[in-house]
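Student: Give me the fold of what follows.
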Amino acid sequence: MTMPLILASSSPFRRMLMDNAGLQFKAVAADIDERAVEAPLERDGAKPDAVALVLGKAKAKEVSDRFAGSLVIGSDQTMSLGDQVFHKPKTMAEAEGHLQSLSGKTHRLNSAVALALNGDIIWEHISHAELTMRDLSAGFIHRHLNRVGDKAMSSVGAYQLEGEGIQLFSKIDGDYFTILGLPMLPLLQKLRELGAIDG
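Tutor: Numbering: from 1, shown residues only. The predicted structure follows:
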């Protein structure tokens, strides 16, 4: 079942994971309004992992509708603390608020991935990671954000585990790929089953 692979994402982190795995693919950003897709789900009380899956499937389907015959990978990630869902901070003040809310608590990253072919979703998966942040003082949060700068606004939790963000945590349960937003191990397994990559 050799066919072109498309990653329905503009995320440099997801592209890096695919590149590092040696996959041949092209990246095409999905043309969807994520907030518009999320709003009714959140109003109806959808769980954070369900929101991630709906968004991942929407991205895969939108790109798949434009590229017949290609296998399209769509993914999304939500971050939740209990029932509260976090979004990417738009300002440094919001980033500071995120870290204050997460300080001393365990939050969850919900990473969803879906495959679409000719406009149909043919596979979906959700992985979770639990991250425990140590108790952070207001002063430390302020100094940390000053050091990392605008990078704090590029991720939903206002941190990058692959950089200085690792200093914020006391415990992490979950794999690296789930944390970065693309569950590679189940994805690669499915691509092998489909014959889309060498198995």
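Student: Buried residues in the helix or strand hosting N110, which are they?
Tutor: Taking DSSP states H and E as the definition, N110 sits inside strand 106-117. Residues 107-117 are the ones in strand 106-117 that count as buried (16 or more other CB atoms under 10 Å). Backbone N, C-alpha and C define where each C-beta goes, glycine included.
Student: orientation of the longest strand along the chain relative to strand 106-117 in degrees?
Tutor: As assigned by DSSP state E, the longest strand anywhere in the chain is strand 120-133. Here strand 120-133 runs at an angle of 160 degrees relative to strand 106-117 (axes from the mean of the first three to the mean of the last three CA atoms, to 10 degrees).
Student: helices or strands next to strand 120-133 in the packing?
Tutor: The contact analysis (3 or more CB pairs under 8 Å, 6 or more residues apart in numbering; DSSP states H and E) places strand 120-133 against helix 48-66, strand 106-117, strand 169-173, helix 176-180, helix 184-193.
Student: What are the contacting residues of that strand?
Tutor: The contact list for strand 120-133 (CB atoms under 8 Å, 6 or more residues apart in numbering) reads 49, 52-53, 56-57, 60-61, 64, 99, 102-116, 157, 168-175, 177-179, 183, 186-187, 190.
Student: among these, which ones are buried?
Tutor: Burial by neighbour count, 16+ other CB under 10 Å: within those this picks out 49, 52-53, 56-57, 60-61, 64, 99, 102-103, 107-116, 157, 168, 172, 174, 177-179, 183, 187, 190.
Student: any chance of the helices and strands packed on strand 120-133 in TSV, with mean pLDDT too?
Tutor: Listed next are the helices and strands packed on strand 120-133 as TSV, based on pLDDT from 0 to 100:
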stretch	mean pLDDT
helix 48-66	96
strand 106-117	97
strand 169-173	97
helix 176-180	91
helix 184-193	96
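Student: what would the ones you listed look like in JSON lines with distance to E162?
Tutor: What follows is the helices and strands packed on strand 120-133, written out as JSON lines (distance: least, CB to CB, whole Å):
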{"stretch": "helix 48-66", "distance to E162": "20"}
{"stretch": "strand 106-117", "distance to E162": "14"}
{"stretch": "strand 169-173", "distance to E162": "12"}
{"stretch": "helix 176-180", "distance to E162": "7"}
{"stretch": "helix 184-193", "distance to E162": "15"}
